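[1] model this:
(chains A, B and C)
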Amino acid sequence: MGRPPCCDKVGIKKGPWTPEEDIILVSYIQQHGPGNWRAVPTNTGLMRCSKSCRLRWTNYLRPGIKRGSFTPHEEGMIIHLQALLGNKWAAIATYLPQRTDNDIKNYWNTHLKKKLKKIQSGLEPQMPPHPTTSYHHLASSENSSVYASSAENISRLLQGWMRSSPNNVDFGKTVPSHESQWQKIEEGMANDHDLERMLVFEHQTSNVAVACDKSSCDSSQKGSDSSVCKIDNGNPPLSFLEKWLLDESAAQVEGAMELPPIF
DNA sequence: AATGAGGTCAACCGCGTATGA
DNA sequence: TTCATACGCGGTTGACCTCAT
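    The predicted model follows:
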């Protein structure tokens, strides 16, 4: 193949986005909706490559993004889903519509991986307090930097625009129809102690390679990794997973130490 | 107060996949 | 069917921040 990188053109700007660039991008998307990213730099005059525009939108400017600390419930869901799906961050993000795949990936790599490691080596009898990072404070506190505030404001503005918009555009992030179910799970689910138990549970079962009921997988959906069903964004073949998590939620994590039926 | 180590996260890179001519 | 192009994803990087000394 050898397709040249899209960003090696002369004059393409890299690095952090400025509030001005954000505003240009957001107002363009307000008018045209997300998509056709190739045309965005041309039509907006932004000296950014299409990839960079898409990334900025999906990871930062898209309305509905929740910033700040992950709740124990969210942590639990990520741990569950990671154990089942592997590092399929986009698929996992489908079930946490307020979080981006990048956020989830970062959180996994910086927080959860370490927690699991500690538990694995028996160094952590108690879960530490829920981590709150300075960056989270940056994004949410009154001491936020000017830029964090402005980006947040842009996002808020856009949320307001979305609510008032009669024909909402598809913002490029599929929200699963069972979102409300997940919210229920989050509401009913674990505190830190429960999370600790779940981490132990995931550790105990982490070597189980089966991530789905293969017989229920359409053969065309099987990716190169035969142990994991390919997730069709927006229509994931995960009913068993949903059921398991929902059942678990109903049991208030009481059964978290028991292996789910698929194991 | 200075500084070095470690942590966090936004953004980039490169590859695989989807799509259309 | 083949090829070119655009998109999307996961891994990685590097700037910036906090904290301990």
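[2] where in the stretch 51-200 of chain A is pLDDT low?
    Applying pLDDT under 70 to the stretch 51-200 of chain A flags the ranges A:120-200.
[3] Apply 90 and report the result again.
    In the predicted model, the stretch 51-200 of chain A carries pLDDT under 90 at residues A:51, A:54, A:58-77, A:79-80, A:82-87, A:90, A:94, A:96-98, A:109-200.
[4] next SSE after the helix or strand encompassing A:Met77?
    Following DSSP states H and E, one finds A:Met77 within helix A:72-85. Using DSSP H and E, the helix or strand that follows helix A:72-85 in sequence is helix A:89-94.
[5] close to DNA strand B, is that following helix?
    No: Helix A:89-94 lies apart from DNA strand B when judged by CB under 7 Å from any atom of the strand; the minimum separation is 10.1 Å. The way it works is simple: take the backbone N, C-alpha and C, and place the C-beta from them, glycine included.
[6] Packing partners of that helix?
    Using 3 or more CB pairs under 8 Å, 6 or more residues apart in numbering; DSSP states H and E, the elements in contact with helix A:89-94 are helix A:72-85, helix A:101-107.
[7] just to revisit the earlier point, CA atoms only: put the helix holding A:Met77 into PDB for me.
    What follows is helix A:72-85, C-alpha atoms only, in PDB (Å, rounded to 0.1, in the frame of the first residue of the first chain):
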ATOM      1  CA  PRO A  72     -16.200   3.900  40.500                       C
ATOM      2  CA  HIS A  73     -19.200   2.700  38.400                       C
ATOM      3  CA  GLU A  74     -17.500   3.800  35.200                       C
ATOM      4  CA  GLU A  75     -14.300   2.200  36.400                       C
ATOM      5  CA  GLY A  76     -16.100  -1.100  37.000                       C
ATOM      6  CA  MET A  77     -17.700  -1.000  33.600                       C
ATOM      7  CA  ILE A  78     -14.400  -0.300  31.900                       C
ATOM      8  CA  ILE A  79     -12.800  -3.200  33.800                       C
ATOM      9  CA  HIS A  80     -15.600  -5.600  32.800                       C
ATOM     10  CA  LEU A  81     -15.600  -4.500  29.200                       C
ATOM     11  CA  GLN A  82     -11.900  -4.500  28.800                       C
ATOM     12  CA  ALA A  83     -11.700  -8.100  30.200                       C
ATOM     13  CA  LEU A  84     -14.400  -9.100  27.700                       C
ATOM     14  CA  LEU A  85     -13.400  -7.100  24.600                       C
END
